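Chemist: Following is a predicted model, sequence given first.
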Amino acid sequence: MESIRWVLASAGVEFDEEFLETKEQLQKLQDGNHLLFQQVPMVEIDGMKLVQTRSILHYIADKHHLFGRDLKERTLIDMYVEGMLDLLELVIMHPFLKPDDQQKAVVNMAQKAIIRYFPVFEKVLRDHGQRFLVGNLLSLVDIILLQTILALEEKIPNILSAFPHLQEFTVKISNIPTIKKFLEPGKKKKPPLDDIYVRTVYNIFMP
């Protein structure tokens with residue numbers, strides 16, 4: 001859900017949230033046919049109840065002109081976003097690992113970021129001569145890349161030390177007014193997941 005929150009906020013959309021705290025709340029949604037595949041997140045928008053995170057992201061991005069100007073740009077955005085979500089998933093799952101596995105996971109996500117993913121975006125930003133990652137307008141991939149970078153920096157503060165163009169990108173995108181507001185303490189951006197959150201998730205979703 002955090003990526004959805006990021007995109008809504010970046011588009012300047014005001015939204016309300018309802019968090020599940022009990023298994024009974026989830027069951028009520030499932031019994032009421034509100035969840036197409038019996039899973040969350042679910043976003044109510046424009047008279048629809050959307051599920052599946054990537055579909056939700058695409059709809060919001062397209063609706064708010066964050067999904068490129070043509071098929072080529074949309075394809076690049078989608079390709080880059082898919083890569084970032086693979087990396088972001090490692091960060092999201094980290095708090096749910098056993099303590100003995102968490103440090104190994106940090107090493108793994110750092111290696112993948114530094115060797116596989118960040119060099120791609122560093123080269124794009126260095127070579128393509130455009131204002132943003134894809135074209136000259138803010139898009140979904142700029143938002144998801146910033147989310148991923150900041151999430152990684154919470155665990156590995158120097159993760160961008162070898163990537164000057166990504167450092168500039170992070171400052172630039174963080175200062176876009178809607179995103180800057182979202183990042184302010186006490187706003188919609190959620191802090192890193194803690195033990196209480198992890199226990200709540202287990203209590204709701206584990207049999």
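Modeler: Yep, that arrived.
Chemist: Residue 101 falls within a strand, correct?
Modeler: No. Counting by DSSP: H, G, I helix; E, B strand; the rest coil, residue 101 is not part of a strand but helix.
Chemist: residues near it, how many?
Modeler: Other residues within reach of residue 101, judged by other C-beta atoms under 10 Å, total 12. For the C-beta atoms, the positions are set from N, CA and C on the backbone; glycine is no exception.
Chemist: Could you list the domains of this protein?
Modeler: 2-63+184-193, 66-176 (the TED database).
Chemist: and among those domains, the most buried is which?
Modeler: Highest mean neighbour count among the domains of the chain (mean count of other C-beta atoms under 10 Å): domain 66-176, with a mean of 16.
Chemist: ends of it, how far apart?
Modeler: With C-alpha to C-alpha, to the nearest Å as the measure, domain 66-176 spans 14 Å from end to end.
Chemist: ok, back up a step: okay, the domains of the chain in JSON lines with mean pLDDT and distance to residue 205 next?
Modeler: As requested, the domains of the chain are arranged in JSON lines below (pLDDT from 0 to 100; distance: least, C-beta to C-beta, whole Å):
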{"stretch": "domain 2-63+184-193", "mean pLDDT": "85", "distance to residue 205": "8"}
{"stretch": "domain 66-176", "mean pLDDT": "94", "distance to residue 205": "11"}
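Chemist: I'd like these written out as a markdown table, with distance to residue 200 added.
Modeler: Output for these, formatted as a markdown table (distance: least, C-beta to C-beta, whole Å):
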| stretch | distance to residue 200 |
| --- | --- |
| domain 2-63+184-193 | 6 |
| domain 66-176 | 12 |
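Chemist: nearest to residue 206, of those?
Modeler: Nearest of those to residue 206, taken as C-beta to C-beta: domain 2-63+184-193 at 9.0 Å.
Chemist: residues contacting residue 164?
Modeler: residue 122 (C-beta atoms under 8 Å, 6 or more residues apart in numbering).
Chemist: For residue 122, see how far away it is.
Modeler: Separation of residue 164 from residue 122 (C-beta to C-beta, to the nearest Å): 8 Å.
Chemist: same check, this time on residue 76
Modeler: Look at residue 76 and residue 122: by C-beta to C-beta, they are 16 Å apart.
Chemist: Other residues contacting the lengthiest helix in the chain?
Modeler: In the chain, with assignment by DSSP state H, the single longest helix is helix 71-93. The contact list for helix 71-93, computed with C-beta under 8 Å, 6+ apart, reads 2-3, 54, 57-58, 61, 67-68, 105, 108-109, 112-113, 117, 120-121, 133-135, 139-141, 144-145, 147-148, 151-152, 155, 193.
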